[in-house]
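Colleague: need the 3D shape of this:
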Amino acid sequence: MIHESEQAAVLNAAFDSTNIKFYDRSVALAALKADGREVVFTDDGTARIHYDGEQLDLADALTRLGFDRRELIDGRTLPREGAGTARQGTLSKADFPDVQSRVKFIRENGAEAWEKLPTVNHDTKPVTTREDWYKLSRAEKVRRIASDPHAFSKLPAAPSAANPVTKLEQVAPGTQVNRAALEHEKKIRGGR
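Modeller: Have a look, this model is predicted:
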């Protein structure tokens, strides 16, 4: 039997090996143990849990939990290739920067799998405005609304594009703009 301090080290090592950023590890562990699941520590220093109808290493179960309960994690840290055959990944064509990686993917998965990949995946990017919301896939919108029915209404509208003079001032703070000359130019050109 493993001592409690060693159990904590094994738990933390499992969280670290997933490379997924959980907002609160204790909440994630409680969600994993829901429905009466128990973490079993073996004599060789590994942890296993019964999840998805099979006995899994704790790190694999935590990865699947990350895909299932995205409110517990930073979605940008999920593995892009997914969790094996258990959870679909978030790959997009933009994840393959060179021709060799594209050819390798097509050889391994086929041309149909390549065609099904989205050009850019917006589901893993942070959603801060309604404009970002519109870019999400339908499945991701449904998942977010299921966890929070007011997810869309809480988002602010996208900021309107600034006029060219304001953009100039944003690029070079402290610049002097001769607004009188600009207005004079508009009058000469007929308001254009």
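
Colleague: so this structure: which segments form each domain?
Modeller: What automatic domain parsing lists as the domains of the chain is 1-87, 90-121, 127-160, 162-192.

Colleague: got CSV for those, with mean pLDDT too?
Modeller: CSV is the format used below for the domains of the chain (pLDDT from 0 to 100):
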stretch, mean pLDDT
domain 1-87, 79
domain 90-121, 79
domain 127-160, 80
domain 162-192, 68
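
Colleague: tell me the most buried of the ones you listed?
Modeller: domain 1-87 (a mean of 15; mean count of other Cβ atoms under 10 Å). Any C-beta I mention is one placed from the backbone N, CA and C, and that applies to glycine too.

Colleague: centre of the chain to that domain, how far?
Modeller: Distance of domain 1-87 from its chain centroid, counting by Cα atoms, centre = their mean, to the nearest Å, is 18 Å.

Colleague: how about stretch 147-160?
Modeller: 17 Å.

Colleague: who touches it?
Modeller: With contact meaning Cβ atoms under 8 Å, 6 or more residues apart in numbering, stretch 147-160 is reached by 70-71, 127-133, 141, 144-145.

Colleague: just put the residues you listed in CSV and tack on distance to Glu183.
Modeller: Shown next, in CSV, are those (distance: Cβ to Cβ, whole Å):
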residue, distance to Glu183
Arg70, 51
Glu71, 52
Val127, 40
Thr128, 36
Thr129, 33
Arg130, 34
Glu131, 32
Asp132, 36
Trp133, 38
Lys141, 45
Arg144, 46
Ile145, 48
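
Colleague: mind picking the two most distant members of these?
Modeller: Greatest spatial distance among the contacts of stretch 147-160 (Cβ to Cβ): Glu71 and Glu131, at 21.9 Å.

Colleague: list the contacts for Thr42?
Modeller: Arg48.

Colleague: the longest helix along the chain packs against which elements?
Modeller: Assignment by DSSP state H gives helix 4-18 as the longest helix of the chain. In terms of contacts (3 or more Cβ pairs under 8 Å, 6 or more residues apart in numbering; DSSP states H and E), helix 4-18 is packed against helix 25-32, strand 47-51, helix 58-68.
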